[in-house]
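Student: I'd like to go over a predicted model; first the sequence, then the structure.
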Amino acid sequence: MKSKIHLVAAIVALFCIASFFTATILVELFGSEKSISTVKSLIVTPGLFILIPVIAITGGTGFACARYGKSRLIDGKQKRMPFIAANSLLILLPCAIFLNQWASVGLFDTKFYSVQGIELLAGAVNLILMSMNMRDGLRMTGKLHRNTPDSSNV
């Protein structure tokens, strides 16, 4: 049961960050200041109220599932998870809050776009690390196999 909860939480967390990232890029490219403000507001509420608990659930269930196992894949996941959590809490969370506050009052200046760049970079890093964790988790469960050369074509 822990592994199913872990899988669902990981998928929701990855989806949240991917949707925040995608919505931010699209609204910045094609949206008005009002739509940017709306996206920033939605990322904070309800977005962060979904993302923060699912990242905690993903980490907690992941450590619980890995408690009795040792492998290179588990070690890799365990080394990435603290960085994902720290990146989320120390960079993405404050950036989202500040950007929402500034956008809500129409403050789209150099400071806004500098923080926006930091948020996008940190979000991309988390997407990559979380995707690597998901890949390793699927390999551990046998649902994803390593790419091996097809010897029948030789």
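Tutor: Arrived safely.

Student: use CA for all of it now, contacts and neighbours both
Tutor: Fine.

Student: how near is the most centrally placed residue in the chain to Ile5?
Tutor: The residue lying closest to the centre of the chain (Cα atoms, centre = their mean) is Ile17, at 4.1 Å. Relative to Ile5, Ile17 is positioned 18 Å away (Cα to Cα, to the nearest Å).

Student: excluding chain neighbours, what is closest to Tyr112?
Tutor: Not quite, residue 112 is Phe, not Tyr. Leu99 (6.4 Å; Cα to Cα, 6 or more residues apart in numbering).

Student: pLDDT averaged over whichever strand or helix holds the one you found - what is it?
Tutor: Using DSSP states H and E, Leu99 falls within helix 93-104. Average pLDDT, helix 93-104: 97.

Student: for that helix, which positions count as buried?
Tutor: 93, 95-104 (16 or more other Cα atoms under 10 Å).

Student: same for that helix, what does it pack against?
Tutor: Contacting helix 93-104 under the criterion 3 or more Cα pairs under 8 Å, 6 or more residues apart in numbering; DSSP states H and E are the following elements: helix 33-42, helix 110-140.

Student: single out the most deeply packed of these.
Tutor: For the helices and strands packed on helix 93-104, the largest average neighbour count (mean count of other Cα atoms under 10 Å) is found in helix 33-42, namely a mean of 19.
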